[in-house]
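> Sequence and predicted structure below; questions after.
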Amino acid sequence: MTLLEIFPSLRSAMTPRLDPAVWPDGTHVDDHGRITVAGVALADIADQYGTPSYVLDEMDLRGRCRTYREVFPEAEIAYAGKALLTRAVASWVTEEGLALDVCSAGELAIALSAGVDPRRIIMHGNAKTPAELAAARTAGVGRIVLDSVTEIALLASSLTRRQNVLIRVTPGIDAHTHPAVATGVTDQKFGFPLAHGQADDAVRRVLGQPRLNLVGLHCHLGSQITDAAHFATAVHLMVGQMAQIRLDHGLILTELDLGGGHGICYRPDDPQLDLSTLAGAIENALDEACARYRFPRPRITLEPGRAVAGRAGVTVYRVVSVKHITGGRTFVCVDGGMSDNPRVALYGARYSVALANRHSSAAPAVVTVAGRHCESGDELAVDVELPSDLHPGDVLAVPGTGAYHHSLASTYNAVGRPPIVAVRDGRSRELIRRETVEDLLRREASR
Ligand SMILES: Cc1ncc(COP(=O)(O)O)c(C=O)c1O
């Protein structure tokens, strides 16, 4: 008989603390010491669907949508589909009252096939192709966000009726994010800089096109922003620009889309953007800027992706080997890696990891969880504490993988992409099946 069987109360003291800041809302530890999400043991998912698998807590994701609507009752919340888009996810977010932002013909097709009302879709992209603009036009999307001079001309010449558009502006704000996702600064590929009159020029061009109905301005400052003050600065600059447009052209724009980029934590001590603080900062900035410029309050749109889907997701892996390098690190090698999570290699992202299939009372050891791919940089979590008795066959769970994991996944090393398994009320269902080697071979032209 084990000590735990004699003193079951010891279990709660010994199970790892699963911080609600990073794990889905429905996460618990069951009597066997297994991590469960929405009443489903992650170990059972690993057995049933294989590993790696992305697990998605439906009620967590829906709950984040509801929180946004409560905290920003007057704003339009458009979920950024680039974070994670499947038909089910498109349905969940729209059922919760959100609009949808898409940035390709593929995302648009997923949204439409889920039955999303096209009028609630916003179409983005810095290099939308003529075919993508045609798809957006034909579908009748609510707004297209214009991103280049070419696009203005192309869209205008192909329209047969008026189309609501926004102009994407880069306000020159450095939100101190990773350089790869700093989209508010002037010198990058998105939008028209406020600086040097480029945004003014875009406005003039759009207003010269009778079929383009300019309703507002858009900006997106970057990703993983944790300081609400940057959004307040954006409001001041953007309302200032809207006031200038009124002065120059006599046009009052009614919409201000502040993009997404709301930071979440991947590890318990990471900073995150507090939504109430953000709401207060935007309100105050709107009050001040609209009073200063005597400009009517525009309707605000926010486009969160990560903050809606990120924490609803957990990836489960199986341990394949444990390797102790004499004089070096201990590597816990799993059956996934940079193909299902490129964020570590791309941005130096850091994650928490937990043993998911059993309780362990072994002392913790500092290890590196490494992936299976042929790159030495294929590491999922460096210097994390896991029980020292980890062995092949154990199941590990990495939280915070709902956003920009499936959508950024690749088939590197001809490893098929993992399935997405939704969990709710003690049940699981596959939203996206695993990509098989047959799927990969099917793409090949015959020899
Ligand atoms: C225009 C736009 N809106 C919204 C988002 C969503 O950002 P996040 O998922 O960080 O909230 C992005 C992300 O790149 C974006 O480019």
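Perfect, thanks for sending it. Residues are numbered from 1 along each chain as shown.

> Any buried residues in the helix or strand in which residue 215 is found, and which?
Using DSSP states H and E, residue 215 maps to strand 212-218. Neighbour counts over strand 212-218 (16 or more other C-beta atoms under 10 Å) mark 212, 214-218 as buried. For every residue, glycine as well, the C-beta is placed using N, CA and C.

> how close does residue 127 get to the ligand?
Relative to the ligand, residue 127 is positioned 13 Å away (C-beta to the nearest ligand atom, to the nearest Å).

> what's that residue in contact with, if anything?
Contact analysis of residue 127 by C-beta atoms under 8 Å, 6 or more residues apart in numbering lists 147-148.

> change it to 6 Å
By C-beta atoms under 6 Å, 6 or more residues apart in numbering, residue 127 lies in contact with nothing.

> And residue 351, by the same measure?
Taking C-beta under 6 Å, 6+ apart as the test, what residue 351 contacts is 266, 381, 398.

> where along the stretch 201-350 of the chain do the helices fall?
229-249, 275-293, 306-309, 343-347 (DSSP state H, counting those that start in this stretch).

> now the strand holding residue 215: mean pLDDT?
Computed over strand 212-218, the mean pLDDT rounds to 98.

> sorry, back to before: minimum distance to the ligand: which of the helices of the stretch 201-350 of the chain has it?
For the helices of the stretch 201-350 of the chain, the distance to the ligand is smallest for helix 306-309, at 3.6 Å, taking C-beta to the nearest ligand atom.

> Including pLDDT and neighbour count, could the contacts of residue 351 go into TSV?
Converted to TSV, the contacts of residue 351 look like this (pLDDT from 0 to 100; neighbours: other C-beta atoms under 10 Å):
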residue	pLDDT	neighbour count
266	97	23
381	97	23
398	98	27
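
> tell me which of these is nearest to residue 36?
Nearest to residue 36 among these: residue 398, at 15.8 Å, using C-beta to C-beta.

> Please produce TSV containing the buried residues of strand 212-218, extended by distance to residue 74.
TSV is the format used below for the buried residues of strand 212-218 (distance: C-beta to C-beta, whole Å):
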residue	distance to residue 74
212	27
214	22
215	17
216	15
217	18
218	18
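
> Domain-wise, how is the chain divided?
Following automatic domain parsing, one gets these domains for the chain: 3-57+311-442, 58-309.

> still on that earlier bit, ok, so of the buried residues of strand 212-218, who is nearest the ligand?
residue 218 (7.2 Å).

> what sits against the closest one?
Contacts of residue 218 (C-beta under 6 Å, 6+ apart): 145, 166, 168, 257.

> Now rank the residues you listed by neighbours and give me the top one.
Highest neighbour count within these: residue 257, with 29 neighbours (other C-beta atoms under 10 Å).

> how near is that one to residue 202?
15 Å (C-beta to C-beta, to the nearest Å).

> again, but for residue 127
Separation of residue 127 from residue 202 (C-beta to C-beta): 16 Å.

> Packing partners of the helix or strand residue 423 falls within?
Assigned by DSSP H and E, residue 423 belongs to strand 420-424. Strand 420-424 is packed against strand 53-57, helix 58-71, strand 427-432, with contacts defined by 3 or more C-beta pairs under 6 Å, 6 or more residues apart in numbering; DSSP states H and E.

> contacts for the last one?
Where contact means C-beta under 6 Å, 6+ apart, the residues beyond strand 427-432 that reach it are 40, 45, 86, 88, 419-422.

> The first one now?
In this structure, residues lying in contact with strand 53-57 by C-beta under 6 Å, 6+ apart are 24, 26, 37-38, 45, 312-316, 406, 418-423.

> List the residues that contact the one residue in the stretch 301-447 of the chain that gets nearest to the ligand.
Closest to the ligand within the stretch 301-447 of the chain is residue 305: 2.7 Å, counting by C-beta to the nearest ligand atom. Going by C-beta under 6 Å, 6+ apart, residue 305 touches 80, 82-83, 260, 403.

> let's go with 7 Å and repeat that
Residue 305 makes contacts with 79-80, 82-83, 260, 403, as judged by C-beta atoms under 7 Å, 6 or more residues apart in numbering.
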